[in-house]
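quick one, what's the 3D model for this:
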Amino acid sequence: MSNFKVFKETLQAHIDEFLKNNPTLYLSSAKKDTMWDIFQESFPDGYNEVFRERREYDCSSCRTFFTEFARVVKIDHNKVVSIWQDLDVMYPFNIVTEHLANYVTSCDIEDRFITPYSKFGTNSNVELLEDNTTITWNHFYYQLPQQFVYRGSQTMDTVKANYRANKETLQRSITQISASALATVLELINDNNLYKGEEWQKVLVEFQTLRNKYFKLHSKYQDAFLWANSENTVISKIKNHSIGTLLINLSEGMDLQVAINKYEAIVAPSNYKRSKSVFTESQKKKAEQFVVENGYMDSLYRRFATLEDIIINNLLWANRKTASLLTNSPFDDIKSTKGDTTPNKDKAQQVSITDFVAEVLPSTKNIKVFVENTHNNNFVSLIAPQIIDSKPLFKWGNNFSWVYTNNLTDSDIKRNVEKFGGKTDGVMRFSIQWNTSNNKNLNDEDAHCKLPSGNEIYFSNKIDRITKGSLDVDIIEPIGVAVENITFPSFEYLTSGIYNFFVHTYSNRGYKGFQAEFEFNGQVWQFDIPNPDPYKTTVIKVNVDAKNKTVNIIQSVNFTTKSIENWGISTQQWVDVNSIMYSPNYWNGQGVGNRHYMFMLEKCINPDTPSGFFNEYLTEDLYRNHRQVFEALSNKMRVEQSDNQLSGLGFSSTQRNEVLVTAENFGLLNIQF
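Residues are numbered from 1 along each chain as shown. Alright, predicted model coming up:
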């Protein structure tokens, strides 16, 4: 008995030393019953034998101490330290405490140690024997200094939950935020290229240091490290702050410009505008080094392609004049006339584009197309490198590219909707896009849809409960290219009837013009509206048969039959075709991405100075590692205007469309795409 008293008093003195310097206390996740069993079973033979009915140290008072205090630990240099650890006591208690310490420190921390009590266990009690003598029984006991006793107003469960949340949030921040995202944001701040970034600089540097230390630790010490460093909530909850949103988005692979736009939408005032693509100085240097070392520098300089650039094998068809230029053959030029009689589509023979290429082109020498107003967004130019044998920038094995009117690729609208988190995989979609030219249109354009039920989907009523249609992208203050998107997910919910899709300029800031795209069951219609009504512009009104999954257009912009001038071509008239080709990504059997069919027209001149390339064209190395810099380069390195160019109408294999042609020996054809 006296040995236990010495053991107990040694333990008390040890705990006093343990609490020196007021360490933060925690509770191990060690099981209380398991600890008690270890205490009972760790004594060597001949000790802790049965006394009366129970073992000598099987005491309910001592067990209370184990329940309430025996699991207390602290953290020292990222290691969990138990009150049982390094305890200098006599045999056999040294064996028992070693087993207890090993078990407690093998478990993770469960909680902060928060208690309203100052006394644990019972110091001693006196038993009166039948002969009127007494026995004093000593028990595990400790009186906690007052500075460790909780006196707050919140419940202990609430306090513990808050500490747990801090630790768990720090863990998610460290594991979800990548080193590269941190480095990028810090570099943006150093370059003064992030709105309100400077106020986060110190916190981010501290977090970066903390994160580096975490990953250098052995995994068995990482949990304790998180607990020990989670009390600074500015750092531990960094992922929940605005800067954390930026860091997480970058860590998940979001495009830098899009991620910054989302960050600025949270923190910037409504009149804050960014006019340039964002990249860091180190990103620029790395991109430049990569371009130089890999021989891409000459490839960056672009111009309009000409007939002389084209190898005849890359043409599907050429008229006599074009063929003579390419082959130096002495064919006579055929002078064509341009009629203005609108053809009757009902009299045209329908032919698929694949049949047209396979059966018509080999057997005809003269082709005209009827350019309609609905082809306004199909105008396309072929782009070539200024140095013709420069190294290809693109995924395909040549250095030619293409650009549609308004500096668009195949479907920039759809791609930009996806960038902003919008859904494009539904059965019906209406998307609008504006501010595509360096913040020259800062209006607030709103997409609307009037449903057959009379309900309307727009910014104040974003979801329709019947059709499940929703406005899932809503941009008020454009920062770069802006889009809005209304999508309907399934024919299961879509109702039959008339749908009116229109655009309302909610805030006219002195600009005008937008593009729109309507998609139904895989068929796409694109519209360019340079001069919209200042109040409301109906883009397209359709009658949907949801059961049969069909749509009929009732009204649409660009459905006028009045001739307009576009790229030197008068619409609603016949125009000579000088050559027909696949897009460069399908030359020489490449077959990369979507195929485009290009009808190059006589005297078709793109008046703009378009981008010479787009990020989605780039080789995997350029896109994956340097896309931010190349986006800025594409905006800067524009194609110079020239009257010598290959331009005409382009049609994507992935979008439903049609064009009327006359082909010598075949008559009037309606080509279906």
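
the helix or strand hosting Leu204 - contacts with which helices or strands?
Element membership for Leu204 (DSSP states H and E) is helix 201-216. Contacts of helix 201-216 with other secondary structure elements, assessed using 3 or more CB pairs under 8 Å, 6 or more residues apart in numbering; DSSP states H and E, are made with helix 156-176, helix 179-190, helix 219-228, helix 233-236. Any C-beta I mention is one placed from the backbone N, CA and C, and that applies to glycine too.

give me the mean pLDDT for the last one.
Pointing back at helix 233-236 there. Regarding helix 233-236, the rounded mean pLDDT is 86.

buried set for it?
Ile235, Ser236 (16 or more other CB atoms under 10 Å).

off-centre distance for it?
Using CA atoms, centre = their mean, to the nearest Å, we find the averaged C-alpha position of helix 233-236 to lie 24 Å away from the chain's own average C-alpha position.

quick one, the following helix or strand past that helix and helix 201-216 angle?
Using DSSP H and E, the helix or strand that follows helix 233-236 towards the C-terminus is helix 242-251. Between helix 242-251 and helix 201-216, the angle comes out at 50 degrees (axes from the mean of the first three to the mean of the last three CA atoms, to 10 degrees).

need the contact partners of stretch 378-386.
Judged by CB atoms under 8 Å, 6 or more residues apart in numbering, the contacts made with stretch 378-386 from elsewhere in the structure are 298-299, 301-306, 309, 399-405, 566-567, 569, 581, 584, 596, 598, 600, 604, 606, 610, 612-613, 639, 645-651, 657.

can you list the domain ranges for the chain.
Domain assignment for the chain, taken from automatic domain parsing, gives 2-148, 156-272, 300-379+567-672, 407-559.

phi first, then psi, for Asp88.
The main-chain torsion angles of Asp88 are listed as degrees, to the nearest 10 and equal phi -90, psi 90.

quick one: residues contacting it.
Contacts were defined as CB under 8 Å, 6+ apart; by that measure Asp88 touches Thr10, His14, Asn94.

from those, list the buried ones, please.
For these, a neighbour count by 16+ other CB under 10 Å gives the buried set as Thr10, His14.

and the contacts of Asp88 as TSV, adding distance to Ala348, pLDDT and secondary structure?
TSV is the format used below for the contacts of Asp88 (distance: CB to CB, whole Å; pLDDT from 0 to 100; DSSP: H, G, I helix; E, B strand; the rest coil):
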residue	distance to Ala348	pLDDT	secondary structure
Thr10	104	96	helix
His14	98	96	helix
Asn94	101	95	helix
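
and of the helices and strands packed on helix 201-216, who's closest to Gln555?
Of all these, it is helix 179-190 that lies closest to Gln555, at 47.0 Å by CB to CB.

part of a strand, is Arg627?
No. Secondary structure of Arg627 (DSSP: H, G, I helix; E, B strand; the rest coil): helix, not part of a strand.

make 42 the starting number, not 1.
Okay, residue one is now 42; in that scheme the one you just asked about reads as Arg668.

quick check: it vs Asp662, distance?
Relative to Asp662, Arg668 is positioned 11 Å away (criterion: CB to CB, to the nearest Å).

compare these two (neighbour count), which wins?
When neighbours are counted by other CB atoms under 10 Å, Arg668 comes out ahead of the other of Arg668 and Asp662, with 20 against 11.

so how far is Gly632 from the closest residue to Gly462 other than its chain neighbours?
Nearest-residue entry for Gly462: Val514, 6.6 Å, with adjacent residues in sequence omitted and distances by CB to CB, 6 or more residues apart in numbering. Counting by CB to CB, the gap between Val514 and Gly632 amounts to 32 Å.

what about the closest residue to Trp628 other than its chain neighbours, distance to Tyr342?
Taking CB to CB, 6+ apart as the measure, Trp628 lies nearest to Asn355, with 4.5 Å between them; neighbours along the chain are not counted. Distance from Asn355 to Tyr342, counting by CB to CB: 21 Å.

what's the answer for Asn407, then?
With CB to CB as the criterion, Asn407 and Tyr342 are 36 Å apart.

Val702 belongs to a helix?
No. Under the criterion used here (three-state DSSP), Val702 is strand, not part of a helix.

contacts only, for it.
If you count contacts by CB under 8 Å, 6+ apart, Val702 has them with Phe397, Ile408, Lys409, Val410, Phe411, Val618, Phe640, Leu709, Leu710, Ile712.

rerun at 7 Å
Ile408, Lys409, Val410, Leu710, Ile712 (CB atoms under 7 Å, 6 or more residues apart in numbering).
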